[in-house]
Structures are given as C-alpha cells and as structure tokens.
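# Dropping the sequence and predicted coords here.
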Amino acid sequence: MKIIMLGAPGAGKGTQAKMIADKYQIPHISTGDIFRANIKNGTELGMEAKKYMDQGLLVPDELTVKILLDRVAQPDCENGYVLDGFPRTIPQAEVLDKALVELGDAIDYAINVDVPDENIINRMSGRRACLSCGATYHIVHIPPKTEGVCDKCGQPLVLRDDDKPETVKNRLNVYHEQTQPLIDFYSAKGVLRTVDGTVDMQDVFNAIVEILKDAGNN
Ligand code: ADP
Ligand code: ADP
Ligand code: ZN
C-alpha cells in the first residue's frame, strides 16, 4: 500500500501518517523529519536544508527528490509506505510518478487532510515536537503525559523554529502556491481522497481507515 499525505503545514499529516504506519505496518517517511535529523547531526545536507526551512521556504527539488528516492528504495519499503510532506511540488510528484511507473507501480491514495488556514496558526503555535523520535504533540489538543517531555522516549519537547507565527505565514503562502496544485494532480489520476482534518484526530483516522479498506495490499 502506497499512500501520500497532502495538506497544509499543521493539518495533521504527520499525526495521521504515524497512525497509518502503525496500523498497516508500513514505514512512515517524512522528508521534514529526515531534514531535521540531518540538522541535528550537523551534516552537510542538514546545513543546506536549514537555510530554506528557517525561512519557511521549500528545500530545492533536486536535493529533496534524491533523498526521497533513496529512502523508498530501501528494503523496508517493499510492501509500501506512507509519505508525509512529499511531494510538495508538481516536479517532485512527476519524478515520483516516473520512478513508480518504471517499477510497474503506482500510488494507491493521496489523502488530503483538509484544514482551513484560520486553524493552522493555532495548530502550529501549540505544536511541540520531539527531535529525537519525531513524535508530535499539541499543548491543548494532544498534550504529552508530562508537560515538555516526550511520552515515547523521555526527551524534551521543543517549539520548532519554523513554527513561529511569522514563519508559519510564509509556509502557508508557499503551500498555496506550490503544494496545493497537487490536489488537482492526484485528482486527475483518480486517487485523491479528502478528509475533514478539523475533527478529533481519532475521527480523522477513522475516515482514513474507511478509505484504505479499498486499497490494494502492495
Ligand atoms: P509540516 O509537517 O509542518 O508541513 P515538515 O516537517 O513536513 O513540516 O517540513 C518542514 C520543512 O522542511 C518545510 O517547510 C520545508 O522547508 C522542508 N521540506 C520538507 N519536505 C519537503 C519537500 N518535499 N520539499 C521541499 N521542502 C521540504
Ligand atoms: P503536519 O504534519 O500536517 O504539519 P502535525 O501532524 O504535526 O501536522 O499536526 C500539527 C499540530 O496539530 C500538532 O501539534 C498536532 O499535535 C496537532 N493535531 C494533529 N491532528 C489534530 C487534530 N485532529 N485536532 C487537533 N490538533 C491536532
Ligand atoms: Zn521522543
């Protein structure tokens, strides 16, 4: 099963992708997490990506596509995966599409988690992230058991640099200009499904599970 999560920054793609990955036992692949891990480890890729991320801009396609194609070629991706935060531009989607066609394969579903812009700033300012294991919380909606500490690994939670309101506004603009066109791209392929992302995270997940009941197993 190969799934793409679409939606604005903060729509809940990561939250849902992790739940999908757990239920269907497929890897959750987040390009944002890969970049943040590289920044944390001080790699060259991390330093390059950070320049763009801190401004709320997209990392150039060239760099991003290479990382993603390497990742999906790993053996654990044989039975599928859920992509979170990739593709984010039409050229990225075209490269992925071409790579899949060469394998005689295709995306099963692109799930669009729909949340209006008005809700996004609140979602982002309340988001707390664990940079060690990638878990995400919300101080009001999805709080950790102990304030400021990751439930899963015990590491401290942080407000991401790019989740500050000034940067979030840029990211929303970038989303509307560069990423939203993917909704039409996947709609034309007949694989787009939209879920209401404003409801409780469990209800969003139930809607996704209904959709995935029809998906193939590879
Ligand atoms: P969010 O889940 O809040 O949308 P991500 O963790 O997916 O944030 O992405 C954080 C940042 O990493 C983006 O603002 C962008 O700078 C960079 N990034 C992540 N994925 C991509 C991608 N596919 N193409 C270009 N840049 C990306
Ligand atoms: P994305 O990956 O799309 O950027 P996240 O999954 O990181 O989004 O979610 C953004 C913020 O909103 C996080 O703080 C997360 O805990 C919270 N969140 C996710 N889903 C919901 C929901 N259904 N209702 C309320 N808050 C949510
Ligand atoms: Zn953690």
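In hand now; what should we look at? Ligands and ions are numbered 1, 2, ... in the order given.

# OK, contacts around the residue found closest to residue 132 once you drop the neighbours it is linked to in the chain?
Using Cβ to Cβ, 6 or more residues apart in numbering and skipping residues adjacent in sequence, the residue nearest residue 132 is residue 155, 4.1 Å away. C-betas here are computed from N, CA, C, even on glycine. Under the criterion of Cβ atoms under 8 Å, 6 or more residues apart in numbering, the neighbours of residue 155 are 130, 131, 132, 133, 149.

# Okay, buried residues for stretch 100-111 please.
Using 16 or more other Cβ atoms under 10 Å as the test for burial, stretch 100-111 gives 107, 108, 109, 110, 111.

# residues contacting the most centrally placed residue in the chain?
Nearest to the mean C-alpha position of the chain, by Cα atoms, centre = their mean, lies residue 84 at 2.5 Å. Taking Cβ under 8 Å, 6+ apart, we find residue 84 in contact with 5, 13, 14, 17, 28, 29, 30, 31, 32, 33.

# Cross-reference the residues you listed with the strands and report the matches.
5, 28, 29, 30 (DSSP state E).

# looking at the residues you listed, which has the most residues close by?
Using other Cβ atoms under 10 Å as the neighbour test, the ones in strands among the contacts of residue 84 are led by residue 5, with 25 neighbours.

# Tell me the residues of this structure that contact ligand 1?
Contact residues (Cβ under 6 Å from any ligand atom) of the chain with ligand 1: 9-10, 13-14, 30-32, 35, 52-53, 56-59, 64, 85-86, 88, 92, 162, 171.

# So which of those belong to strands?
Mapping these onto strands (DSSP E) picks out residue 30.

# re the thing from before, with pLDDT and secondary structure as extra columns, can I get the buried residues of stretch 100-111 in JSON lines?
Formatted as JSON lines, the buried residues of stretch 100-111 follow (pLDDT from 0 to 100; DSSP: H, G, I helix; E, B strand; the rest coil):
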{"residue": "107", "pLDDT": "96", "secondary structure": "coil"}
{"residue": "108", "pLDDT": "96", "secondary structure": "coil"}
{"residue": "109", "pLDDT": "97", "secondary structure": "strand"}
{"residue": "110", "pLDDT": "98", "secondary structure": "strand"}
{"residue": "111", "pLDDT": "98", "secondary structure": "strand"}
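
# What degree of burial does the nearest residue to residue 165 once chain neighbours are set aside show, as a neighbour count?
Excluding its sequence neighbours, the residue lying closest to residue 165 (Cβ to Cβ, 6+ apart) is residue 121, at 5.9 Å. Residue 121 is flanked by 15 other residues according to other Cβ under 10 Å.

# On the three-state scheme, residue 121 is what?
Using DSSP: H, G, I helix; E, B strand; the rest coil, the three-state assignment for residue 121 comes out as helix.

# Perfect, that will be all.
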